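> Requesting a structural model of the entry that follows:
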Amino acid sequence: MKKQNIYLVGFMGTGKSTIGKELAQRLGRKFLDMDQVLEKRLGMTISEIFEKKGQAFFRAEEKKLAFELVQTGNQVISTGGGTIADEDVKEAFRRSGLLICLFADKDNLISRLQRTDKRPLLKGESIEKRVETLLAERKELYDKIPFKVNTTNLSPKEAAAKIVNLLRILKTKLDQIHDQYIIISGEEDSPHESPGH
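Have a look, this model is predicted:
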């Protein structure tokens, strides 16, 4: 049976790509960055895609790619900051793997994001304002992901080590549950037999 994918989700600047590479190396898995795949596929940077084709086009292409990825296994996948805003995509990821949300303190995020001009959603007003607005918009979205790793002031190696540790704990818990419980589905768990049985 192929291993499920690990999907790194979370706000831009939380380290999904750098940590994802490190994590994939440690786990002996393939690493894939969704933004990089889309840039290669469309022959444009993410900023250019947003400028020339618009956000709706980008999200449609991103969704198409997401549904291709859920057919694969044994990968560490770095998603875009808004990828799981689409409920269908989030559900497909959840069914085909494990979602881990990376987050960082707002000030830490702002200082990381000030070093780049590649973020189309940060164009316009000050980075501080845009980060605050987007974080508020996506708070509920990220809060719903049960597994979170705080990457504030962590190197990619340190953050990857934390995730490996989380995966170990999860595996132990799953093994314990598997040993203790039998899950019955369908009619067997009903105490009443229907007539004629």
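> residues contacting the closest residue to residue 69 other than its chain neighbours?
Using C-beta to C-beta, 6 or more residues apart in numbering and skipping the chain neighbours, the partner closest in space to residue 69 is residue 77 (5.9 Å). Yep, even glycine has a C-beta here, placed from its N, CA and C like the rest. If you count contacts by C-beta atoms under 8 Å, 6 or more residues apart in numbering, residue 77 has them with 5-8, 20, 31-34, 69, 97.
> Let me know the closest of the residues you listed to residue 104.
Set against residue 104, the nearest of these by C-beta to C-beta is residue 8 (13.0 Å).
> The closest one: neighbour count?
Using other C-beta atoms under 10 Å, residue 8 is surrounded by 26 other residues.
> which helices and strands sit right next to the lowest-mean-pLDDT helix or strand in the chain?
For the chain, the helix or strand with the lowest mean confidence is helix 106-113, at a mean of 81 (criterion: mean pLDDT, DSSP states H and E). Other elements packing on helix 106-113 under the criterion 3 or more C-beta pairs under 8 Å, 6 or more residues apart in numbering; DSSP states H and E are helix 127-143.
> between the helix it packs on and helix 106-113, how big is the angle?
Counting by axes from the mean of the first three to the mean of the last three C-alpha atoms, to 10 degrees, helix 127-143 lies at 120 degrees to helix 106-113.
> pretty sure the residue nearest to residue 69 is in a helix, no?
No - counting by DSSP: H, G, I helix; E, B strand; the rest coil, one finds residue 77 to be strand, located in no helix.
> Quick check: it vs residue 164, distance?
Separation of residue 77 from residue 164 (C-beta to C-beta, to the nearest Å) stands at 16 Å.
> Nice, that's everything, thank you.
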